[in-house]
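>>> model the structure of this input:
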Amino acid sequence: MALIIGGTLGVIIACIHGVLGAKKIVAPAKGLSSAQHRILHAIMLLSALYWATGGAALIWAGLTPGHPAAFAIWATTLGLYATGSLANAWATRGRHFGWILLAITCAVIALGKP
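Residues are numbered from 1 along each chain as shown. Reported below is the predicted structural model:
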């Protein structure tokens with residue numbers, strides 16, 4: 001059940017990240033060249049896509065207990081979310097709620113080790 005909950009949290013966080021990132025960071029970004037703006041947009045959307053994909057894979061792993069790929073999905077997604085959490089905490093000096101949400105999600109995922 002922890003994999004399903006962790007995966008669901010991951011998908012929700014990814015959606016929030018994609019929407020708020022596009023509205024609050026990418027759209028109002030000033031002083032960037034066209035190429036820099038496209039890169040910023042790609043970084044925001046691709047990270048959201050990767051987190052959502054990891055979340056969906058965790059949900060699948062939780063629904064198919066004992067599958068040989070479950071451990072690899074668990075370990076990969078946990079690593080993906082943990083590095084995202086640490087990078088977010090470091091880059092924002094802890095002043096952004098995203099790292100806390102990802103850290104909580106990591107704790108839930110860790111409980112579901114297959």
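
>>> pull the residues that contact stretch 26-42.
Residues outside stretch 26-42 that contact it (C-beta atoms under 8 Å, 6 or more residues apart in numbering) are 22, 25, 44. Every C-beta, even on glycine, is put in place using the N, C-alpha and C of the backbone.

>>> one more time with 10 Å
20-22, 25, 43-45 (C-beta atoms under 10 Å, 6 or more residues apart in numbering).

>>> and the next helix or strand past the strand or helix carrying I43?
Element membership for I43, per DSSP states H and E: helix 34-63. Helices and strands here follow DSSP H and E; after helix 34-63, the next one along the chain is helix 70-91.

>>> which other helices and strands does whichever helix or strand comes after that next one contact?
For helix 70-91, the succeeding helix or strand toward the C-terminus, using DSSP H and E, is helix 97-111. Here helix 97-111 touches helix 2-20, helix 34-63, helix 70-91, going by 3 or more C-beta pairs under 10 Å, 6 or more residues apart in numbering; DSSP states H and E.

>>> re earlier: in the helix holding I43, what's buried?
By 16 or more other C-beta atoms under 10 Å, the buried positions in helix 34-63 come out as 41, 44, 47-48, 50-52, 54-62.
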